[in-house]
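> Show me how the following folds:
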Amino acid sequence: MEKEMLVLAELKEGKFEKFMGWMQSDEGMSVRKSAAYPEKTVGAVIPDKSGVMFKVFVHNEEKMKELVSGTHPLGKPIFDECVEKMTAWDLTKIEM
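Numbering: from 1, shown residues only. Below is the predicted model of the structure:
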């Protein structure tokens, strides 16, 4: 079942380019694909590049939790080097 989540990543100083480069690399894409649909992801960058925000469409919540907590085996090195803190929220649609 697909679930919508919002992920906020606070990055270490000067690590924006390294983090985003990895996220777009073949390895990063394979990690992202293990948890969510990268082609549906909506991203935004904090103006000073100290963080990024993603709306993701998750198909494997356990893998997403590994990514956000920094425990995913392939994602851990880049997480440790670049990420200060990452937080995720479940999103639910509100009928108006």
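> ranges for the strands of this protein?
With strands called from DSSP state E, the chain shows them at 3-11, 42-45, 51-58, 83-90.
> Mind putting these into TSV with distance to residue 35, mean neighbour count and mean pLDDT?
Quick note: C-beta positions are derived from backbone N, CA and C, even for glycine. As requested, the strands of the chain are exported to TSV (distance: least, C-beta to C-beta, whole Å; neighbours: other C-beta atoms under 10 Å; pLDDT from 0 to 100):
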stretch	distance to residue 35	mean neighbour count	mean pLDDT
strand 3-11	10	17	97
strand 42-45	15	12	96
strand 51-58	6	19	97
strand 83-90	10	14	96
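> Let's have these in CSV, adding distance to residue 23.
Output for those, formatted as CSV (distance: least, C-beta to C-beta, whole Å):
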stretch, distance to residue 23
strand 3-11, 9
strand 42-45, 9
strand 51-58, 9
strand 83-90, 11
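> Read off the pLDDT value for residue 68.
Looking at residue 68, its pLDDT reads 95.
> any idea how far residue 95 is from it?
28 Å (C-beta to C-beta, to the nearest Å).
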